[in-house]
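> Dropping the sequence and predicted coords here.
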Amino acid sequence: MPNWIAACSLGEIAPEDVMRFDHGGRSFAIYRSPDDEYYATDGLCTHERVHLADGLVMDHVIECPKHNGRFDYRTGEAKGAPACVNLKVHAVKIEAGKVMIDVG
Amino acid sequence: MDNAPPAPHDYSLTGPSSRYALEHGLANAEWYRAPIPRARMKELMKRSDGPAIRDTIIWIAAFLVTGGLAFHFWPTAWSIPFFLAYGVLYGSSSDSRWHECGHGTAFRTAWMNDVVYNIACFMIMREPTVWRWSHARHHTDTIIVGRDPEVAVMRPTVVLRVILMFLGVPQVWGAIKSMVRHAMGRLSPDEADYIPEMERAKVYRTARIWLAIHLAIIAVSIYAGTILPMLFVGPLPTMYGAWLHIVTGLTQHAGLPENVLDHRLNCRTVYMNPVMRFLYWNMNYHIEHHMFPMVPYHRLPELHEAMKPYCPPPYPSTFAAYAEIIPAIIRQIREPGWSIARPIPREYPAQAVPAE
């Protein structure tokens, strides 16, 4: 059962950037890709639970700010050590100018 | 100054100091971060291939010139200065290439980082998978006793060990032991603490390949009846060229507090001349690097400017840093709990360690 929550407004995130969104004691990362699509993943790196929103978005990759762990934020795929466990991705939809994510 | 574990210090990653760090919130903790605006950090973290390609071309050219002249003048004494220069490139500048490419920040293109990383690892005899994981831990738990596998000067100071480090002796001896252990399919208990199961096969495979290369170099030298190949590749240049990376490397943390959660207290930023900064790839900006490890080496001077209001004053020279380090590590022979206190700006106080 999807549980859609408004995470931010359209345009609140710069292109090729990421924003942190906390909800219900959980942290999420919301991405705006260079081609202006929005994506969402769990907010903490699977390596050592560092907030990915402080990291660097390069094309469709988010790089953890602490240890260079990299993930494809569209699929959550870990791209190599020290990130070895995939990141959970969350469905995203745009409604009334808001970026909605499924936190279920 | 230190939030010190029970004496004597136990630097193993599976002993009482490790348990102490885990129980007292020192492991995988929140560290102080200077409040640099996100937009500025994004600019500084931005990757490019240009600076590292330029520096790598110069680096390779320097190898060819110094190595070529050393070969040309061999076996006369005229080859010695060229071997010394070649050795610094091989045994010292490889340290910074290993480091920056390991972070994946030197080049924007991942395979370029990987190629230079693997070459530099071989030169400085740091097995690529092992050291990728040990360095990740070093950044998570910087100079936390029982957690950080990369503490260069352990306390109480063993002066002979520090002196031998300039000749690469403990590093190369440790590297050979590790390589043989890994080639036999085994990890030490400390390594098992930070290398995940899924990465271990890679460790063993690389160790076997490296061991075969080293044995081949020895075999070629014996067959040809000359030590020359061993002077160019293998443990010897790692050792005779090690001194400069120890000169620069000891400025990073030596004498500074253990078990703190603020890189302004346990790292040094030291101004160095352009030649040293080329060889060291700007790792003299060490507070900056530890606080924001994803900023490429060529942007660290800019990060340094941005962070200045939040940091202790930088050391004006390597000599100034050593004027502090040498007395400190000598004092730590008898007073292992003592350390240098760095002046933190009052408006930006140090991150507190968790209460006992």
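Structure received. Numbering: from 1, shown residues only, chains lettered A, B, ... in the order given.

> How about the residues of chain A by chain B?
Residues of chain A found near chain B, taking CB under 8 Å from any CB of the partner chain as the criterion, are A:17, A:47-49, A:54-56, A:58, A:63, A:65-68, A:70, A:80-82, A:84. The way it works is simple: take the backbone N, C-alpha and C, and place the C-beta from them, glycine included.

> Give me the buried entries from these.
Those of those that meet the buried threshold are A:17, A:47-48, A:54-56, A:58, A:63, A:65-68, A:70, A:81-82, by 16 or more other CB atoms under 10 Å in any protein chain shown.

> which two in those residues are spaced the farthest apart?
Greatest spatial distance among those (CB to CB): A:17 and A:81, at 25.1 Å.

> any residues touching whichever strand or helix holds residue A:41, and which ones?
Remark: residue A:41 resides in strand A:38-42, with elements defined by DSSP states H and E. Applying CB atoms under 8 Å, 6 or more residues apart in numbering or on different chains, the set of residues contacting strand A:38-42 from outside is A:7, A:13, A:21, A:26-33, A:52, A:62, A:71, A:73-74, A:76, A:87-92, A:94, A:99, A:101.

> Tell me the first helix or strand C-terminal of it.
strand A:56-58.

> give the contact list for residue B:192.
Taking CB under 8 Å, 6+ apart as the contact definition, residue B:192 lies against nothing.

> Going toward the C-terminus from the one helix or strand it maps to, what's the next helix or strand?
When elements are defined using DSSP H and E, residue B:192 is found to belong to helix B:189-194. Along the chain past helix B:189-194, the next helix or strand (assigned with DSSP H and E) turns out to be helix B:200-224.

> buried residues in the helix or strand just after that following helix?
Secondary structure here is assigned by DSSP H and E; on that basis, the next helix or strand after helix B:200-224 toward the C-terminus is helix B:228-232. Using 16+ other CB under 10 Å as the burial criterion, the residues of helix B:228-232 that qualify are B:229-232.

> Would you mind pulling the contact partners of helix B:228-232?
Taking contacts as CB under 8 Å, 6+ apart, the residues outside helix B:228-232 that touch it are B:67, B:70-71, B:74, B:83, B:86, B:217-218, B:220-221, B:236-237.

> Just the buried subset of the residues you listed, please.
Among those, those scoring as buried are B:67, B:70, B:74, B:83, B:86, B:217, B:221, B:236-237 (criterion: 16+ other CB under 10 Å).

> now, which of those residues lie close to chain A?
Counting by CB under 8 Å from any CB, no member of the buried ones among the contacts of helix B:228-232 is near chain A.

> Take these and keep only those in helices.
The helices, defined by DSSP state H, take in B:67, B:70, B:83, B:86, B:217, B:221, B:236-237 from the buried ones among the contacts of helix B:228-232.

> about what we covered before: which of the buried residues of helix B:228-232 sits closest to residue B:45?
Residue B:45 has its nearest neighbour among these in residue B:232, at 37.2 Å by CB to CB.

> Residue B:47 versus that closest one, what's the distance?
The gap separating residue B:232 from residue B:47 is 33 Å, by CB to CB, to the nearest Å.

> where do the strands sit along chain A?
Ranges of strands in chain A, per DSSP state E, are A:4-9, A:17-23, A:26-32, A:38-42, A:56-58, A:61-63, A:70-72, A:89-90, A:92-95, A:98-102.

> Kindly reformat those strands as CSV containing mean pLDDT and distance to residue B:153.
Putting the strands of chain A into CSV (pLDDT from 0 to 100; distance: least, CB to CB, whole Å) gives the following:
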stretch, mean pLDDT, distance to residue B:153
strand A:4-9, 95, 47
strand A:17-23, 96, 38
strand A:26-32, 97, 37
strand A:38-42, 98, 39
strand A:56-58, 95, 33
strand A:61-63, 96, 31
strand A:70-72, 96, 33
strand A:89-90, 97, 44
strand A:92-95, 96, 50
strand A:98-102, 96, 48
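
> For chain A, see how far away residue B:228 is.
Here residue B:228 is placed at a distance of 37 Å from chain A (CB to the nearest CB, to the nearest Å).

> Contact partners for residue B:18?
So residue B:18 contacts B:10, B:12, B:146-147, B:193 (CB under 8 Å, 6+ apart).

> Helix or strand: which one has it?
With DSSP H and E as the criterion, residue B:18 is inside helix B:16-23.

> Return the set of buried residues in that helix.
Within helix B:16-23, the residues scored as buried using 16+ other CB under 10 Å are B:17-18, B:20-21.

> Report the next helix or strand after that helix in sequence order.
The C-terminal neighbour of helix B:16-23 among helices and strands, as given by DSSP H and E, is helix B:38-45.
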